[in-house]
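Chemist: Structure, please.
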Amino acid sequence: MQNRTYSDLLALIQSLAGVSAFTTEEKPQVLNFVNRRAFEAYNTSPIWPRYLVASQGRDINSYTLSGSTGTTTVNQNYKLIGSTNSATAAVKASTNLYQGVTTDTIIIYKNSENAWVVDSGGSFALDSDADYTVTVGSAVFTETDTNKKDLLELVEVWSGSGTLLVERKNLVPYTEGTSTIGEFIRIHRKQAFLNSSSLEYDFFTDFTGANLLNIISSTDNKAYVTYKKKLDLFTELSEDIPSEFFYFMAHASYADFLRMDGQHGKAIAEEEIAKNYLDLELEKIDLRSNNNSINHKFSTYVNRQSR
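Modeler: Prediction:
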């Protein structure tokens, strides 16, 4: 992907306006116009190649815990790590192990008495059988139900500081590590767009991320997300103005400038020129294979079954 600089863009807008430089008051207004028009162009298609990431593995968050008043780092999302082994006497083997997403030193497992434990300071290591050896830390919450529950969300009574609330999730958050999703496009159970079909998840989005609806196994801890990267605001020092947006942004920002100056007739003409430039770029991506394989859903028995 080719880039242009903001200086290039500003120079073109100044040329369109017939001035050698904008005033000190006008420069921040032009920058606002540029960012507005960049946002407009960005939202015209989910598959701009510059922003598209195809089938990237992302953690599924299984639970959200809240209500801890003693160790407040307990209040966070948790992801499934895998299954425990029998190496630690205090931990029940062949049960699920969860780890905090924000504070990874908080883990959840079943102890040798079959009670769920929310542990601070514990750790784990992968063994040769792909199970996990748990090193226990300090129990922050422990299940005290007489009849111990198989599922964490079914626990009725906890010992610990606060009233622990456990909410079941099948959530892919917007942010994982340093990578932030701007828009979810498609989510698959396995890596998609290879030679074989992969089950595709239905989902809805909220402020926390994508909530998977037809997940088929409680042991699934990864999903493969096709998404559009987040659009960052440009500044006067930006060196990464997308070349595919460049002429649209210039003419559209100039149209905004004309409109601000009360020249509405000229603004309409510039708006049309800007639209033509954007349409040409949209036509390019429409002709590429991305529009057939990534943005279009082909529903088949294989990729829609939740089994």
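Chemist: gap between the two ends of stretch 20-29?
Modeler: Start to finish, the residues bounding stretch 20-29 are 17 Å apart (Cα to Cα, to the nearest Å).
Chemist: Now that stretch: buried residues?
Modeler: Judged by neighbour count (16 or more other Cβ atoms under 10 Å), stretch 20-29 contains these buried residues: 22, 26. For glycine as for every other residue, the C-beta is placed from the backbone atoms N, C-alpha and C.
Chemist: now do stretch 109-121
Modeler: Within stretch 109-121, judged by 16+ other Cβ under 10 Å, the buried ones are 109-111, 115-120.
Chemist: what residues does that stretch touch?
Modeler: 65, 68, 71, 73-74, 84, 89-92, 95-98, 105-108, 122, 134, 136-145, 148-149, 152, 155, 158, 160, 164 (Cβ atoms under 8 Å, 6 or more residues apart in numbering).
Chemist: Kindly recompute the last result at 7 Å.
Modeler: 71, 74, 84, 89-92, 95, 97, 105-108, 134, 136-143, 148, 152, 155 (Cβ atoms under 7 Å, 6 or more residues apart in numbering).
Chemist: Tell me the buried residues within those residues.
Modeler: Those of the contacts of stretch 109-121 that meet the buried threshold are 71, 74, 84, 91-92, 97, 106-108, 134, 136, 139-143, 148, 152, 155, by 16+ other Cβ under 10 Å.
Chemist: Give me the subset of the residues you listed that lies in strands.
Modeler: Assigned to strands by DSSP state E, the following of those qualify: 97, 106-108, 134, 139-143.
Chemist: any chance of the residues you listed in CSV, plus distance to residue 184?
Modeler: Compiled in CSV, these are given as follows (distance: Cβ to Cβ, whole Å):
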residue, distance to residue 184
97, 27
106, 27
107, 28
108, 27
134, 33
139, 37
140, 33
141, 33
142, 37
143, 34
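Chemist: What are the boundaries of the strands in the stretch 51-200 of the chain?
Modeler: In the stretch 51-200 of the chain, the strands defined using DSSP state E, counting those that start in this stretch lie at 52-59, 61-68, 77-83, 96-100, 106-110, 116-120, 123-126, 132-135, 138-143, 158-159, 162-173, 175-176, 179-188.
Chemist: Serialize those strands to TSV and add fields for distance to residue 20 and mean pLDDT.
Modeler: Written out in TSV, the entries for these read as follows (distance: least, Cβ to Cβ, whole Å; pLDDT from 0 to 100):
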stretch	distance to residue 20	mean pLDDT
strand 52-59	39	95
strand 61-68	54	97
strand 77-83	54	96
strand 96-100	57	97
strand 106-110	60	98
strand 116-120	63	98
strand 123-126	64	97
strand 132-135	67	97
strand 138-143	66	98
strand 158-159	70	96
strand 162-173	48	96
strand 175-176	43	93
strand 179-188	37	94
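Chemist: wait, which of the ones you listed is closest to residue 243?
Modeler: Of all the strands of the stretch 51-200 of the chain, it is strand 52-59 that lies closest to residue 243, at 16.0 Å by Cβ to Cβ.
Chemist: Run through who's touching that closest one.
Modeler: Looking at strand 52-59 with Cβ under 7 Å, 6+ apart, the contacting residues turn out to be 79, 172, 176, 188, 191-193, 221-229, 290, 294.
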